[in-house]
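Colleague: Have a look; sequence and predicted model below, questions after that.
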Amino acid sequence: MRIQLLSSLFLFSLGSYLYRVSSQPEHASFPPRGWNSYDSFCWIISEEDFLQSAGIISQRLKPYGYEYAVVDYLWYRKNVPGAYPDSLGFDVIDEWGRMIPDPDRWPSSKDGKGFTEVAKKVHSMGLKFGIHVMRGLSRQAYDANTLILDTTTGGAYEESGQQWRAKDIGIKERACAWMSHGFMSVNTKLGAGRAFLRSLYEQYAEWGVDFVKHDCVFGDDLDVDEITFVSEVLQKLNRPILYSLSPGTSATPNMAKDISGLVNMYRVTGDDWDTWGDVAAHFDVSRDFAAANKIGAKGLLGRSWPDLDMLPLGWLTDPGSNRGPYRMSNLNLDEQKTQMTLWAMARSPLMFGGDVRKLDEITYSLITNPFILEINSFSTNNMEFPYVTGTKGSTHKTTAYSQRSRRCLKEVGKSHAQFLGFTSCNHPKVNGWSIEALDQDLHQICWKQNMGSHEPLCLYKQKPLLSSDERLIYNQGELHLLASDGMEFCLDASPRKKRTSKEFKSGSFSPCRSDANQMWEISNNGSLISSYSGLCATVKSIDANVGNSGGVRSWIATGRKGEIYVALFNLNSEKTVISAKISDLTKALPGKNLNATSCYSREVWSGKDFGEIKDSISMKVEIHGCALFVLNCP
């Protein structure tokens, strides 16, 4: 009965919130909430599937603030044999080199209508319509050397006595790292480059788009120039469009200083998928952005929010797959509660990714939990709370990375680990590789920078494999890098799919083959360069016991009526009793004096009422689970 009352109160508050948002110009006053097609459909979603999903969102999720229905990437790609995320030549573009929906999947887009009809139908359901877009210019438009549209004249862009084309503005050497055959940056210093970007976003507004998810411009692929210009274009449009950035691999609060005021939400992680390692990897990054006061900071025509990525719950597909939803989330219920609680306490945008056509009651109750939504929308003073203890169950091993592939992770002793990843070659910490000859035929390439007394991570040098009909098409310095001294697995710098956060943080080894993805060069300054993607390999060392409080974490926030929310998280692989003293809450909430106060406590997920407590809150928390306390302290 109490839960029903809280639900009703939340819906009333939410209705007031939606009214305020709709009646004032400020963008993203609260963390945006909606549904994105990627986790369930990958890139192959059709108009029929999308509109069917939008109808269900309108009926079941809109009352809880889920107002955006977003088509994720490659809506312009033909779903035919040979087409995959990094393929070339399968996209539908107009005469100006702009992406338009594949008419076979989006039949209402024919005759130049684009997404106009889809947007109208979504709006008629009381929802807002969003799309995913990539950086700059497509490789397909570049190869076709299409003309650039000048939207002020309706004709080709002309300057200095010439008509400008795609090859005049495309920067081919600045291709998207994870879709190098797909898109590249444009030169925003050129009038033609700016004209092209303007033509894209003005077209989105004409279609009726309310939300743009702009990919491959942040994190490792940071392009401040493009973000800045797009933000300027969006400010001048007659139609308000929420501006989101994705992905955010290697994103830091310092990097966000340059862009948070230009956007409304921005990913601070790689793709979050349904593995415990992906969920646990979000604790440090969410802590850092909260500590930097980035939650709800000034943004484009309103506020901006660090985005922990979509919620991969319910009925899903696999990342990079050319198939629709077919399986349930691999996260167990405790892990799902942990994800929902962290996303709420960090005030991340809530973008559900599961197939809403098969929305089961357990998943539905998680994503519409009234306490979770209240905290996500209205809480303040959100931060990690370090004053907690965990007993009986802490193994003092890293849990956030315990499920990494054994080929990608090397453990040194019980508390030290090395992770092989890829980053921009301009990064200052990529020059740590050296070659050592073991014998006449075998050479090691080892990372020895900042390893201290720990054993270095080493790869094994191998000349490229050539098929029988190939000539020496590779440069003399190119080589294969093997995971071991046998010819089994080679380092692959460019998986042909949209990578998960796990893959961004760990090197990807796959069976050795004659493939440019597996070609590497080592420079004289000690950097290891991918001949295919232009990224450099680097190694990060992690001490498992540092900063993880023995495998337990906690967050704290305050509610609208003065209540205190305390979330206790168990990252261990054993049940753990986690405790926090009431008197320590003052350390995070200096305005409250709780030293001589008793609080009334209730735990959300169990529904248990603890009554009056004076000293501490404590609970045995399940493996990878959490406890969420609501404290009322008069």
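Modeller: Great, that's in hand. None of these values were measured; they are calculated from a predicted model.

Colleague: Quick one: the helices in the stretch 251-400 of the chain, in order.
Modeller: Counting by DSSP state H, counting those that start in this stretch, residue ranges of the helices within the stretch 251-400 of the chain are 253-256, 276-280, 282-291, 333-345, 361-367, 370-378.

Colleague: quick one: buried residues of the fifth one?
Modeller: Along helix 361-367, these residues count as buried under the neighbour rule (16 or more other Cβ atoms under 10 Å): 363-364, 366-367. Glycine gets a C-beta too; all of them are placed from N, C-alpha and C.

Colleague: Is it possible to get JSON lines of the helices of the stretch 251-400 of the chain that adds mean pLDDT and distance to Leu491?
Modeller: Formatted as JSON lines, these follow (pLDDT from 0 to 100; distance: least, Cβ to Cβ, whole Å):
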{"stretch": "helix 253-256", "mean pLDDT": "92", "distance to Leu491": "26"}
{"stretch": "helix 276-280", "mean pLDDT": "95", "distance to Leu491": "20"}
{"stretch": "helix 282-291", "mean pLDDT": "96", "distance to Leu491": "25"}
{"stretch": "helix 333-345", "mean pLDDT": "98", "distance to Leu491": "30"}
{"stretch": "helix 361-367", "mean pLDDT": "98", "distance to Leu491": "37"}
{"stretch": "helix 370-378", "mean pLDDT": "98", "distance to Leu491": "40"}
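
Colleague: Dump those helices into JSON lines; add distance to Tyr157 as well.
Modeller: JSON lines is the format used below for the helices of the stretch 251-400 of the chain (distance: least, Cβ to Cβ, whole Å):
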{"stretch": "helix 253-256", "distance to Tyr157": "32"}
{"stretch": "helix 276-280", "distance to Tyr157": "43"}
{"stretch": "helix 282-291", "distance to Tyr157": "39"}
{"stretch": "helix 333-345", "distance to Tyr157": "43"}
{"stretch": "helix 361-367", "distance to Tyr157": "45"}
{"stretch": "helix 370-378", "distance to Tyr157": "44"}
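
Colleague: Looking at the ones you listed, which is nearest to Pro101?
Modeller: With Cβ to Cβ as the criterion, Pro101 lies closest to helix 361-367 of the helices of the stretch 251-400 of the chain, at 28.2 Å.

Colleague: Show residues contacting that closest one.
Modeller: 60-61, 64, 66, 311, 313-314, 329, 333, 336-337, 340, 350, 352, 354, 372 (Cβ atoms under 8 Å, 6 or more residues apart in numbering).

Colleague: Pick the one among those closest to Asp439.
Modeller: Ser329 (48.7 Å).

Colleague: give me the beta-bridge partners of Leu311?
Modeller: In this structure, Leu311 bridges to Phe352 when assessed by DSSP bridges.

Colleague: swap in the one 4 residues further on?
Modeller: Beta bridges link Trp315 to Met328, judged by DSSP bridges.

Colleague: Please tell me how far it sits from Asp309.
Modeller: Separation of Trp315 from Asp309 (Cβ to Cβ, to the nearest Å): 18 Å.

Colleague: Could you pull up the mean pLDDT of the host helix or strand of Leu631?
Modeller: Assessed by DSSP states H and E, Leu631 sits inside strand 626-632. Here strand 626-632 scores 97 as its mean pLDDT.

Colleague: That one: which residues count as buried?
Modeller: Per 16+ other Cβ under 10 Å, strand 626-632 contains these buried residues: 626-631.

Colleague: and the angle from that strand to helix 370-378?
Modeller: Interaxial angle, strand 626-632 versus helix 370-378 (axes from the mean of the first three to the mean of the last three Cα atoms, to 10 degrees): 70 degrees.

Colleague: Can you tell me which helices and strands strand 626-632 packs against?
Modeller: Here strand 626-632 is seen to pack against helix 333-345, strand 564-570, strand 599-603, strand 616-621 when contacts are counted using 3 or more Cβ pairs under 8 Å, 6 or more residues apart in numbering; DSSP states H and E.

Colleague: got the CA coordinates for it in CSV?
Modeller: C-alpha atoms of strand 626-632 as CSV (Å, rounded to 0.1, in the frame of the first residue of the first chain):
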residue,chain,number,x,y,z
CYS,A,626,23.2,-3.3,-3.1
ALA,A,627,21.1,-1.9,-0.3
LEU,A,628,19.4,1.4,-0.7
PHE,A,629,18.4,3.1,2.6
VAL,A,630,16.0,6.1,3.0
LEU,A,631,16.8,7.9,6.3
ASN,A,632,14.5,10.4,7.9
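
Colleague: what's the pLDDT at Ser583?
Modeller: What the model reports as pLDDT for Ser583 is 88.

Colleague: Now do it against Arg267, distance only.
Modeller: The value you get for Ser583 to Arg267, if Cβ to Cβ is used, is 37 Å.

Colleague: So if I had to pick from these two, which one is more boxed in?
Modeller: The neighbour comparison of Ser583 against Arg267 (other Cβ atoms under 10 Å) goes to Arg267, with 25 against 16.

Colleague: Show me what the more buried one is bridged to.
Modeller: Asp307.

Colleague: Contact partners for it?
Modeller: Here Arg267 is in contact with 218-219, 244-248, 251, 307-309 (Cβ under 8 Å, 6+ apart).

Colleague: Just the buried subset of those, written out for PyMOL, thanks.
Modeller: Here is the PyMOL command that selects the buried residues among those (16+ other Cβ under 10 Å):
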select buried, resi 218+219+244+245+246+247+248+251+307+308+309
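
Colleague: Throw the contacts of Arg267 into CSV and include distance to Met519 and pLDDT, thanks.
Modeller: What follows is the contacts of Arg267, written out as CSV (distance: Cβ to Cβ, whole Å; pLDDT from 0 to 100):
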residue, distance to Met519, pLDDT
Phe218, 27, 95
Gly219, 24, 91
Ser244, 34, 98
Leu245, 31, 98
Ser246, 28, 94
Pro247, 25, 85
Gly248, 28, 83
Ala251, 28, 90
Asp307, 34, 98
Leu308, 35, 98
Asp309, 31, 97
